[in-house]
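Enquirer: Quick check, what structure comes out for this input:
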Amino acid sequence: KLVDHYTWHYPIRFNRKTRKVYVRQYNRKVEVYNWDDLTFFIAYINEDKDIRAVTFDKDGETITGMFALAFQDEVFDKSLISYFEFIRRYMEGDDQQLKEVKEAIRYIYPIHEKRETPLMSFKRLILNEVHHDHENMEYPERTFEFHPVTLVVLPLLALRYVGRVISMLTSYCHRFSKAIEAECQIDPNDPYDLNKHLPEGNLEQRNQPIWKTIVYSVGIIIATIIMLFVGAFIIDMIGAARPHGDYPSMVDKLWYLIGLGWL
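Expert: Prediction:
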């Protein structure tokens, strides 16, 4: 379905006060569940695992609704259980557990407020490629792990970056209805409102200095050009290795294009 491929996220909203769960499904419809009616379990599908929530009919056997939580893990059930416990404490815990939930959040990815910018796309690409096992990606200085083989896939990274930017700028952006937004209004004085109080060191800090935005933007342009030249060089090396090959230099053509030799 077209809808499945052109929506960048499928949000789930948990309302601690009303004990309702709002789930945006693939068909763009929003289903509303009562938290106390949900039964959770780990679903094993091929090599993936995730947590599913279901509701049953009065007979206790017929499933009347189902949705999956966002997090998946191919190896450890413990990670899924910890993820569910994080949500359970938010919905059912006391003030102390609610505080623990807040303190456990170290990174807010603000796609609920705006589209992913080209800068955000670049950061996500780098985080996914040079940080081991996707652990603690909100603390890049602790998880950086560069492998020489990454140089070989630089051209592919450039293509992935361009594809991601196009996808994020053209995909459907979900918005909950005004009625749901009204039900989920946050108290202006709520100390746990992370939209107002971002975690320290959050990758997407608000009111970022203009100089930092410019530096990042220039860095992205330079990094993209380098990735393209590495790809062109590899293509030239393959062409030179082939017998009786007389191929035009991709590096020269790229330099002609970027150096504005065509003007």
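
Enquirer: all contacts plus neighbour counts: C-alpha atoms, from now on.
Expert: Fine.

Enquirer: which residues in the stretch 51-200 of the chain form strands?
Expert: 63-72 (DSSP state E, counting those that start in this stretch).

Enquirer: got the residue ranges for the helices in it?
Expert: Taking DSSP state H, counting those that start in this stretch, the helices of the stretch 51-200 of the chain run over residues 77-92, 95-104, 118-130, 140-143, 149-152, 154-170, 178-183.

Enquirer: Domain boundaries for the protein, per the record?
Expert: 1-109, 116-172+208-263 (automatic domain parsing).

Enquirer: hey, least reliable of these by pLDDT?
Expert: Mean pLDDT per stretch puts domain 116-172+208-263 lowest among these, at a mean of 74.

Enquirer: residues contacting residue 68?
Expert: 50, 51, 52, 53 (C-alpha atoms under 8 Å, 6 or more residues apart in numbering).

Enquirer: Widest-spaced pair of those residues?
Expert: 50 and 53 (10.1 Å; C-alpha to C-alpha).

Enquirer: Which pLDDT value belongs to residue 113?
Expert: For residue 113, pLDDT reads 72.

Enquirer: how far is the lengthiest helix in the chain from where the chain is centred?
Expert: Assignment by DSSP state H gives helix 210-241 as the longest helix of the chain. On the basis of C-alpha atoms, centre = their mean, to the nearest Å, helix 210-241 sits 24 Å off its chain's mean C-alpha point.

Enquirer: Mind listing what's buried along that helix?
Expert: For helix 210-241, the neighbour count (16 or more other C-alpha atoms under 10 Å) marks 220, 224-225, 227-234, 236, 239 as buried.

Enquirer: Tell me the one of the residues you listed nearest residue 12?
Expert: The closest of these to residue 12 turns out to be residue 220 (C-alpha to C-alpha; 32.1 Å).

Enquirer: ok, now which ones touch the closest one?
Expert: Taking C-alpha under 8 Å, 6+ apart as the criterion, residue 220 is in contact with 119, 122.
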